[in-house]
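> Sequence plus the predicted model coming up.
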Amino acid sequence: MEITRGRAVVEATVVEIIARLPLRSIARFKSVCKQWRSLIESSYFRCLFVSLHRNSSSSWSLMFGADYPHPITEAIGFHGCDTWDLPKSLGSYIIPFRLYPNLPTSRYFYVASSNGLIWINAFFNRTENLAYSYKSFVGNPVLQQWVEIPPPPEQSVATGLVTRVENGVVSGFKVVRTVDTGRKMERFMGMYVWRVCVYSSETGLWSFKRLLSSHPVKYTGSYPPVNLNGTLYLRERGLDHPTDEAGFLVAHDFYGPEDDDQCRVIPLLVPDNKHVRRCLTTSGGDVIYIETLHRRLKIWRLNNNFESGECWQLSREEIDMASVGFDVDCFPMAMNPFDTDIVYLWSQQHECLVSGDLRKQEFIVHQESENWSDSGGSWRINTYNSKGYVEDNRNVTRVIMLSQFVLQRWMDSVPRPPN
C-alpha cells in the first residue's frame, strides 16, 4: 500500500514539473514511454498545462494573403513565449516543406489558417494545358503533421479554412472553396446563391453546399477572409457603386446546423472621406474593424446579437494620434489576437510599424530593428514587405485584411480523416 502511494506521489510530482515546461519540450517527453505519452495526452494534463500558462500568450503571426508579395510571407511574428518557446517565427516552420524538400519555395502558397492549422498549396510541373498541377495540405508546421486534401470535384477558388474546437482541442477542420460560376450570378427565391464545395476531415470527402445571401458573393481569392469560431467573413463590394463605397461582409458558420443555408450580410461602416484607412481583423474572440482618419483612431467590435439593429459598436473612445506623437495618418494593420488593448499600425511618417497600447495610450515606433524581445517573448517585423503591402492598398475601397496564423495554447494532433 505504501509503495502504491509512493508511486502516486512521484507521478503527481512529475506531472507538476512537466506541465510547467513549454510545449516544444513536452513534445519530446511524449516519446519517452507509453505511460508518459498517455499521461501527457490526458485531459487532466491539458487542463493543468493551460491553467499554469494562462498568463502567457501563444505564438502567432500575421500573414500576407494569396501570393503577395511572396507566396509565404509574414508581416508580424511573435514567438519565444512560455507556452511554446519557439526559437523562430511560425512562418519559418512552413518552408522548407518536409514532404517535398526539393521543391522551390516559390511553388508554395499560403492560403488560410484556423486555430493553429494552416492550408498551403504546393505547385508542381505544368500540365498539357499549361496550368500547374498542385496538391493541397492542411497541417501544423511546428509539429510537422500534414493531411493531403484530395482535388475538389469542380473548378473552384480556394476560400477559407474553419475548425471545430471541443474542450479546447481542435477535433476537425473544413476546407472551403467557392465554385467558379463565371460572371453568371444564380438567384433563388429572390436571394443570391453562393455555391461552395466543402472538404471535411471527419468524412474525408467533398460535399456541395448552396448558400443563400441577400448580397452577391464574387470571391476571387485576392484577400483572406476573416475567420472566427467556424465562421468565414468575406468582404464583398457594394452593388450600386462597386468601386467607391464601404462594402459588406458575407458571413456563414460552416459548423452550424446542417440545414442552415442562410448567410448573414453585414454592412461595413461607410467612409465619409477619401483619406480614411481601414482594416478588418479579430482579437479576443471578436471581429474588429479599425479606422484611421485625420490622426483619429477608432475601433469597432462586431455585435454578435443578430437581433440588434447596430452591427458595429465602438469598443472604446477614439484616440487623437497627434496627442501621442503622430502628425500624419497611420494605416491600421491588425490587433493582437489575444490582447484587445494592442493595435498595430503602419506609420507613413516613420515608414515603419507602430505598436500601440490603447489602455495606456502608449505607442512605440519600431524603426530600425526588425527583431526585438520583451518580457512576453520575441518579435519579428517584416518592414520592407509591409511597406509595399500598405502602399498597394492605399485606395479607399480597400480594406487591409491580414491572415492570422495563431497556435493553440495546447499541442493538438492534426485531425485525420477516417480513410
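Cool, got the structure.

> Surely Ser25 is in contact with Asp85?
Yes - contact status for Ser25 versus Asp85: in contact at 7.0 Å, counting by CB atoms under 8 Å. Every residue, glycine included, has its C-beta placed from N, CA and C.

> quick one, which of the two is more surrounded?
More crowded of Ser25 and Asp85, by other CB atoms under 10 Å: Asp85, with 17 against 12.

> Can you list the low-confidence ranges for the stretch 301-419 of the chain?
Along the stretch 301-419 of the chain, the model assigns pLDDT under 70 to residues 306-309, 327-328, 368-369, 394-397.

> Can you show me the helices along it?
Using DSSP state H, counting those that start in this stretch, the helices found in the stretch 301-419 of the chain span residues 383-391.

> Also the stretch 1-150 of the chain?
Using DSSP H, counting those that start in this stretch, helices in the stretch 1-150 of the chain cover 2-19, 23-29, 34-40, 43-52, 91-94.

> Just say which of those is most tucked in.
Between the helices of the stretch 1-150 of the chain, helix 91-94 has the highest mean count of neighbours, a mean of 20, where neighbours are mean count of other CB atoms under 10 Å.

> avg pLDDT for that one?
Mean pLDDT, helix 91-94: 88.

> Also stretch 24-33?
83.

> So Ser25 versus Gly80, what's the distance?
Computed as CB to CB, to the nearest Å, the Ser25 to Gly80 distance reads 13 Å.

> And Thr383, by the same measure?
19 Å.

> higher neighbour count, the two?
Taking Thr383 and Gly80 together and counting by other CB under 10 Å, Gly80 has the greater number of neighbours (20 against 17).

> Spatially nearest residue to the more buried one (excluding sequence neighbours)?
Spatial nearest neighbour of Gly80, chain neighbours left out: Ser378 (3.7 Å); criterion: CB to CB, 6 or more residues apart in numbering.

> Now that Ile149 has come up, it's in contact with Ala122, right?
No - judged on CB under 8 Å, Ile149 makes no contact with Ala122 at a distance of 11.1 Å.

> what residues are shared contacts of those two?
Lys135, Ser136, Phe137 (CB atoms under 8 Å, 6 or more residues apart in numbering).

> Derive a ChimeraX selection command for the buried subset of those.
Command for ChimeraX that selects the buried part of those, burial taken from 16 or more other CB atoms under 10 Å:
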select :136,137
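
> Figure out which of the helices of the stretch 1-150 of the chain is closest to Val157.
Distance to Val157, taken as CB to CB, is lowest for helix 91-94 among the helices of the stretch 1-150 of the chain, at 21.6 Å.

> residues in contact with that closest one?
In contact with helix 91-94 (CB under 8 Å, 6+ apart) are residues 61, 63, 72-74, 77, 86, 108, 110, 118, 120, 141-142, 144, 405.

> So which residues of the stretch 201-350 of the chain form strands?
205-213, 226-228, 231-236, 248-253, 264-267, 277-283, 286-293, 296-302, 312-314, 319-320, 330-335, 342-347 (DSSP state E, counting those that start in this stretch).

> can you check the stretch 51-200 of the chain too?
With strands called from DSSP E, counting those that start in this stretch, the stretch 51-200 of the chain shows them at 60-63, 74-79, 108-114, 117-126, 132-140, 145-149, 156-166, 169-179, 187-188, 191-200.

> And those: which comes nearest Asn102?
That would be strand 117-126 among the strands of the stretch 51-200 of the chain, by CB to CB, at 11.2 Å.

> Tabulate the helices of the stretch 1-150 of the chain in a markdown table, adding columns for distance to Arg277.
Formatted as a markdown table, those follow (distance: least, CB to CB, whole Å):
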| stretch | distance to Arg277 |
| --- | --- |
| helix 2-19 | 44 |
| helix 23-29 | 37 |
| helix 34-40 | 46 |
| helix 43-52 | 37 |
| helix 91-94 | 25 |
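
> What residues does the closest residue to Gly284 other than its chain neighbours make contact with?
Distances taken as CB to CB, 6+ apart place Thr340 nearest to Gly284, at 4.3 Å, with adjacent residues excluded. Contacts of Thr340 were listed using CB under 8 Å, 6+ apart, and they are Ser283, Gly284, Asp286, Ile288, Ser315, Leu358.

> Who wins on neighbours among the contacts of helix 91-94?
Going by other CB under 10 Å, Ser61 tops these with 29 neighbours.

> And the pLDDT for that one?
93.

> just Gly285 next, same as before
91.

> what's the distance between it and Ser171?
19 Å.

> now Asn371
Taken as CB to CB, the span from Asn371 to Ser171 is 36 Å.

> repeat for Trp206
20 Å.

> So which of those two has more stuff around it?
Using other CB under 10 Å, the more surrounded residue of Trp206 and Ser171 is Trp206, with 18 against 13.

> who's the more buried one bridged to?
Per DSSP bridges, the residues bridged to Trp206 are Tyr199.

> Settle this for me: it is touching Ser156, isn't it.
No - counting by CB under 8 Å, Trp206 stays clear of Ser156, with 9.8 Å between them.

> Now the common contact residues for these two.
With CB under 8 Å, 6+ apart as the test, Trp206 and Ser156 both reach Cys197.

> May I see the strands of the stretch 51-200 of the chain organised as a markdown table, with distance to Ser222 added?
What follows is the strands of the stretch 51-200 of the chain, written out as a markdown table (distance: least, CB to CB, whole Å):
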| stretch | distance to Ser222 |
| --- | --- |
| strand 60-63 | 15 |
| strand 74-79 | 17 |
| strand 108-114 | 12 |
| strand 117-126 | 15 |
| strand 132-140 | 18 |
| strand 145-149 | 21 |
| strand 156-166 | 10 |
| strand 169-179 | 12 |
| strand 187-188 | 24 |
| strand 191-200 | 17 |
